[in-house]
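>>> Take this sequence and fold it.
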Amino acid sequence: MGTTTDPTNTDESAIDTYEVLIVGGGVAGLSAATFTARASLDTAVITAGESILKRNAHVENYPGFPAGVNPRLLIDMQRSQATRNGADMVHGRVTRLKHVGTADGDLDVSDDARFLATIAGDADTDADAAGNDAAGDAGSGATAATDRTIAAERVIAASWADASYLDPVDPDRREAGSKTYLEDDGDGRTTVEGLYAAGRLAERYHQAVVAAGDGARTAITLIHDAEIPFYHDWVAPEGYFTDRGREVPPGCEEVSETERRARERESIAAMQEYFATPHEDRQRTHPSLVDDDLGRVPGTDR
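Okay, here's the model as predicted:
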């Protein structure tokens with residue numbers, strides 16, 4: 001597990017190593033983080049900039065919200081879910097991803113680490129920036145502070161739209177006009193071993209629910225590649241497996257009726273808190289339309 005999430009750390013010998021590093025704190029990245037963390041893989045999400053989802057006024061096609069949901073609230077809820085399940089959020093912007101090489105021998109890096117990510121911290125960002133996309137949205141308003149390095153065994157690239165930080169590892173890409181996408185096998189594996197892609201960077205349909213599902217699929221692909229015991233991420237009622245003479249499979253859990261009711265009450269309380277008042281963040285729009293680094297609409301309260 002990483003020992004710190006402070007991107008202003010200047011001790012070059014203090015290299016955190018994670019089993020999974022996710023670049024991008026939007027819908028796809030946070031969905032992936034929830035799955036890898038729940039599979040007991042040490043997971044860090046690099047978040048900075050501004051998630052494109054937050055430019056939406058209201059999300060009305062995401063399952064589970066009959067009347068729609070504030071997109072900024074949706075990101076907050078996803079981030080909380082990822083951290084609740086054990087993922088670390090690191091505030092900063094990935095500027096370079098490279099393979100661990102012999103020149104890095106003086107760094108205290110795990111033998112299992114394949115990649116080194118250089119992360120620029122943000123000296124001056126909006127208060128909610130810790131929940132935003134991480135590696136290339138030009139509307140972030142972030143000012144680079146000091147660099148920090150994180151090592152990782154596997155990386156999921158779920159950022160948009162600048163993927164130049166991947167140049168040193170050189171995955172296959174496809175250019176489509178002004179856009180660049182990573183080539184993958186359909187399950188998130190890129191042409192670079194240990195590097196995965198999810199969401200819009202993998203040229204998936206530009207819808208929040210598709211991004212969430214793709215983040216989950218890529219994470220499950222990674223989990224299987226990591227060769228850790230995993231069947232399904234299920235919470236089943238007591239006896240679901242064992243009353244049929246089966247052991248509870250890896251990744252699954254059986255809970256008693258008492259525990260089920262306790263978890264339900266906790267989830268109800270959490271949802272009531274999330275939806276008690278309108279979200280306080282100001283509305284965003286496309287950054288080209290306003291003179292504001294974060295794309296905030298003048299005169300709006302949220």
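>>> which residues in the stretch 1-150 of the chain form strands?
16-23, 43-47, 88-91, 93-99, 115-122, 144-157 (DSSP state E, counting those that start in this stretch).
>>> quick one: the lowest-mean-pLDDT helix or strand in the chain to strand 115-122, angle?
Least confident helix or strand of the chain, by mean pLDDT, DSSP states H and E, is strand 144-157 with a mean of 85. On the basis of axes from the mean of the first three to the mean of the last three CA atoms, to 10 degrees, strand 144-157 is oriented at 140 degrees to strand 115-122.
>>> Quick one: mean pLDDT for stretch 231-241?
What stretch 231-241 shows for mean pLDDT is 95.
>>> What segments of the stretch 201-302 of the chain are strands?
235-237, 253-255.
>>> Any idea which of those strands gets closest to A152?
strand 253-255 (27.2 Å; CB to CB). No exception for glycine: its C-beta is placed from N, CA and C like everyone else's.
>>> which helices and strands sit right next to that closest one?
If contacts are counted by 3 or more CB pairs under 8 Å, 6 or more residues apart in numbering; DSSP states H and E, strand 253-255 sits against strand 235-237.
>>> Where do the helices of the stretch 51-200 of the chain begin and end?
Taking DSSP state H, counting those that start in this stretch as the test, the helices found in the stretch 51-200 of the chain are 71-84.
>>> if we can go back for a sec, got the strands of the stretch 1-150 of the chain as TSV, with distance to A212 and mean neighbour count columns?
Shown next, in TSV, are these (distance: least, CB to CB, whole Å; neighbours: other CB atoms under 10 Å):
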stretch	distance to A212	mean neighbour count
strand 16-23	14	28
strand 43-47	14	30
strand 88-91	18	22
strand 93-99	21	21
strand 115-122	24	22
strand 144-157	14	23
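>>> so can I have JSON lines of those strands showing distance to E253?
Formatted as JSON lines, the strands of the stretch 1-150 of the chain follow (distance: least, CB to CB, whole Å):
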{"stretch": "strand 16-23", "distance to E253": "21"}
{"stretch": "strand 43-47", "distance to E253": "19"}
{"stretch": "strand 88-91", "distance to E253": "23"}
{"stretch": "strand 93-99", "distance to E253": "34"}
{"stretch": "strand 115-122", "distance to E253": "31"}
{"stretch": "strand 144-157", "distance to E253": "24"}
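>>> picking that back up, TSV for the strands of the stretch 201-302 of the chain, including mean neighbour count and distance to P278?
Formatted as TSV, these follow (neighbours: other CB atoms under 10 Å; distance: least, CB to CB, whole Å):
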stretch	mean neighbour count	distance to P278
strand 235-237	14	32
strand 253-255	15	34
